[in-house]
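J.: Mind folding the following:
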Amino acid sequence: MDKNDWQLSKRIRSFGYAFKGIAALFTQPNACIHAVVMVIVIGCGVALRLAVWEWCAVCLCIGGVLMAEAFNTAIEALADKVSPGFDPLIGRAKDVAAGAVLIFVFAAVAVGLIIFLPKVIALF
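T.: Model prediction:
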């Protein structure tokens, strides 16, 4: 077996692990809420015929929120494994990770308002 074949098969397997991680993410209640909002935003974007640049901004926001939620979920899982009991530093790390998600959500909402609000107002 060629060394490059081994490396290619390893890369292919790594995608399987990544998809497994995405599936695990969507077992979390907050990620499911984000997914529902994502579907609503995409539906509104289609209905309001967003421009290409607007879709780019929306896609980046959706990806960013989901990525932040994935990092938060990973940090919480690791923290719970390392310190199953209460630890104030672990608690702070988990709070900061959750806060990072919220910061990105606020930014995504701001982008959404900038893009969607003028279009909704124009309908009336």
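J.: When you work out contacts or count neighbours from here on, use the C-alpha atoms and nothing else.
T.: OK.
J.: For Ser83, grab phi and psi.
T.: phi -140, psi 80 (degrees, to the nearest 10).
J.: contacting residues around it?
T.: If a contact means C-alpha atoms under 8 Å, 6 or more residues apart in numbering, then Ser83 has Ile90 as its contacts.
J.: do the same with the one 5 residues further on
T.: Listed by C-alpha under 8 Å, 6+ apart, the contact set of Pro88 is empty.
J.: Now for this protein: which helix has the highest residue count?
T.: Secondary structure of the chain read by DSSP state H shows that its longest helix is helix 88-122.
J.: Would you mark the buried spots in it?
T.: 90, 94, 97-98, 100-101, 104-105, 108, 111-112, 115-116 (16 or more other C-alpha atoms under 10 Å).
J.: and Arg11, how far is that from Lys81?
T.: Per C-alpha to C-alpha, to the nearest Å, Arg11 is found 28 Å from Lys81.
J.: show me the contacts for the residue nearest to the spatial centre of the chain.
T.: Nearest to the mean C-alpha position of the chain, counting by C-alpha atoms, centre = their mean, stands Leu66 at 0.3 Å. Contact analysis of Leu66 by C-alpha under 8 Å, 6+ apart lists 31, 34.
J.: State the mean pLDDT of the helix or strand it falls within.
T.: If you go by DSSP states H and E, Leu66 is part of helix 52-82. Across helix 52-82, the average pLDDT comes to 97.
J.: before we move on, the earlier item: I'd like the buried residues of helix 88-122 as CSV, with pLDDT and distance to Met38 appended.
T.: As requested, those are exported to CSV (pLDDT from 0 to 100; distance: C-alpha to C-alpha, whole Å):
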residue, pLDDT, distance to Met38
Ile90, 96, 30
Lys94, 96, 24
Ala97, 98, 21
Ala98, 98, 19
Ala100, 98, 18
Val101, 98, 15
Phe104, 98, 14
Val105, 98, 12
Ala108, 98, 11
Val111, 98, 14
Gly112, 98, 11
Ile115, 98, 15
Phe116, 98, 14
